[in-house]
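Q: for reference, the sequence and a predicted model appear below.
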Amino acid sequence: MDHTDMKIDNSKLIRHKGFNLISGIHDPDEVDQIYDLELRDSDVFSVTYPKSGTIWMQQILMLIEAKGDMTVNKHRMNGNAVPWIEARGKVKEFATELSPRVRTTHLQHRFMPLALRQKKGKVIYVTRNPKDVLVSYFYFHKVATMLETPKDFNDFFEKFMKGDVHGGSWFEHIKTWYSQKDNMNIFFITYEEMIQDLHSAVERIAAFLGKDLTQEQSANVVKHSTFKNMKQIPEANYEYISSDLLDHQQGSFMRKGTIGDWKNHFTVAQNERFDKLFQDEMKDFPVQFIWEVCDIV
Ligand code: A3P
């Protein structure tokens, strides 16, 4: 750790070099080792701000690798097949694993291997409209025992607005990753595009990864990645994660899987404040977000 490490106003987070890690889940020294990892061209990193479709992309990547065959990863949780590089013990494992190495991360790009910025390996960045991220994250904080349970929605709203959560500021996360678009082999996709047309999303992801799938194989990837089907697959929906980490009595990881749930939670005043912050932060940002199902064309 260095002098910028400190506990912040949330007993379960550790501030490390301006980023909020989770106490017990992450080790700042191991996180620092990621930067120097040697990469291969076949390495793939799926990058998300929390609650933006992380396990969904894990499921898709696993299935693309298995050419749509669910039996290849039978009994393997998608968090194990496509692990978080920043989780304790995972850096060492990465260095010794055979190709292809497919990983997830919530980290900001400055912690990631320098080699990514030399166009080694590939990055898929999944983003989701931040109002729905906030709502999904609020419910996740109730389920996740490694995160502090918010007093109420308003309390969590304030924390998210300040970036006082694991992952830090949503705005900073997306903007800093986007700033790397010319330095890395990076593919951007939104959660809402995946909802809108999963088949096209799967085909575009497979093409980016240079994977040739038959029509039948991509149809199988899609079939096993729908919300309805993932909800039935315990390895995909975190049902098997122990109660030390997730309190399954408090809710389900696969909660709603929709666009626009924020409308059921934000007050008019919260919405106005959020819109103001969004406009200030994102005014020059070229990606359009879909905020409601009716925005889908
Ligand atoms: P909700 O809480 O809004 O339902 P992450 O994996 O990044 O933590 O994101 C979790 C969110 O993605 C949850 O959102 C979850 O329901 C949603 N999700 C996971 N798999 C999905 C799928 N196949 N289709 C749509 N949404 C999915």
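A: Sure thing, it's come through. Note that the coordinates shown come from a computational prediction; the quantities given were computed from them, not determined experimentally. Numbers count the residues shown, from 1 in each chain.

Q: now the spatially most central residue of the chain. Nearest residue, chain neighbours left out?
A: In the chain, the residue lying closest to the centroid (C-alpha atoms, centre = their mean) is T48, at 2.9 Å. The shortest distance from T48 to any non-neighbouring residue, by C-beta to C-beta, 6 or more residues apart in numbering, is to T54 (4.4 Å). Any C-beta I mention is one placed from the backbone N, CA and C, and that applies to glycine too.

Q: any idea how far the ligand is from G257?
A: 3 Å (C-beta to the nearest ligand atom, to the nearest Å).

Q: isn't that residue up against N237?
A: No. At 10.5 Å, G257 does not count as touching N237 under the criterion of C-beta atoms under 8 Å.

Q: which one of these two is surrounded by more residues?
A: N237 (20 against 16; other C-beta atoms under 10 Å).

Q: now the more buried one: closest residue in space that isn't a chain neighbour?
A: In space, N237 is closest to M254, 4.6 Å off (C-beta to C-beta, 6+ apart).

Q: go ahead and confirm the one you found touches I233.
A: No. The pair M254 and I233 does not pass the contact test of C-beta under 8 Å, sitting 9.4 Å apart.

Q: host element of Y240?
A: In this assignment (DSSP states H and E), Y240 forms part of neither any helix nor any strand.

Q: number of nearby residues for it?
A: So Y240, with other C-beta under 10 Å, has 14 neighbours.

Q: excluding chain neighbours, what is closest to it?
A: P234 (5.4 Å).

Q: the one you found contacts I241, correct?
A: No. Using C-beta under 8 Å, P234 makes no contact with I241, being 9.8 Å away.

Q: so for the two, which residue has more residues nearby?
A: I241 (16 against 12).

Q: next up, phi/psi of W84, please.
A: When read as degrees, to the nearest 10, the backbone of W84 gives phi -70, psi 120.

Q: sorry, slip of the keys, the one I care about is T48.
A: The phi/psi pair for T48 (degrees, to the nearest 10) is phi -140, psi 150.

Q: my guess is it meets Q58, correct?
A: No. Here T48 lies out of contact with Q58, judged by C-beta under 8 Å, at a distance of 9.6 Å.

Q: if we can go back for a sec, need the per-residue pLDDT for the residue nearest to N237.
A: The model reports M254 with a pLDDT of 90.

Q: now the one 3 residues further on
A: In the prediction, the pLDDT value recorded for G257 is 96.

Q: nearest spatial neighbour of it, skipping sequence neighbours?
A: F227 (3.8 Å).

Q: cool, and F208?
A: F187 (4.4 Å).

Q: tell me the SS of that neighbour?
A: strand (DSSP: H, G, I helix; E, B strand; the rest coil).

Q: residue contacts, it?
A: 122-125, 204-205, 208 (C-beta atoms under 8 Å, 6 or more residues apart in numbering).

Q: pretty sure V102 sits against I85.
A: No. V102 is not in contact with I85 according to C-beta under 8 Å; the separation is 10.3 Å.

Q: ok, now which ones touch H265?
A: 135, 138, 153.

Q: over to T48?
A: 54, 57, 104-106, 125-127.

Q: quick check, pLDDT for it.
A: You'll see T48 listed with a pLDDT of 98.

Q: before we move on, what about K51?
A: We have a pLDDT of 98 for K51.

Q: from the ligand, how far off is it?
A: 4 Å.

Q: quick one: that residue from F160, how far?
A: 10 Å (C-beta to C-beta, to the nearest Å).

Q: over to V268?
A: Counting by C-beta to C-beta, the gap from V268 to F160 is 18 Å.

Q: out of these two, which sits in the busier spot?
A: Ranked by neighbour count (other C-beta under 10 Å), V268 and F160 place F160 first, with 21 against 7.

Q: just give the nearest non-adjacent residue to the more buried one, would you?
A: F160 sits nearest to L134 (C-beta to C-beta, 6+ apart), 4.8 Å away.

Q: after the helix or strand encompassing that neighbour, which helix or strand is next?
A: Applying DSSP H and E as the criterion places L134 in helix 130-143. Going down the chain from helix 130-143, the next helix or strand is helix 153-162, by DSSP H and E.
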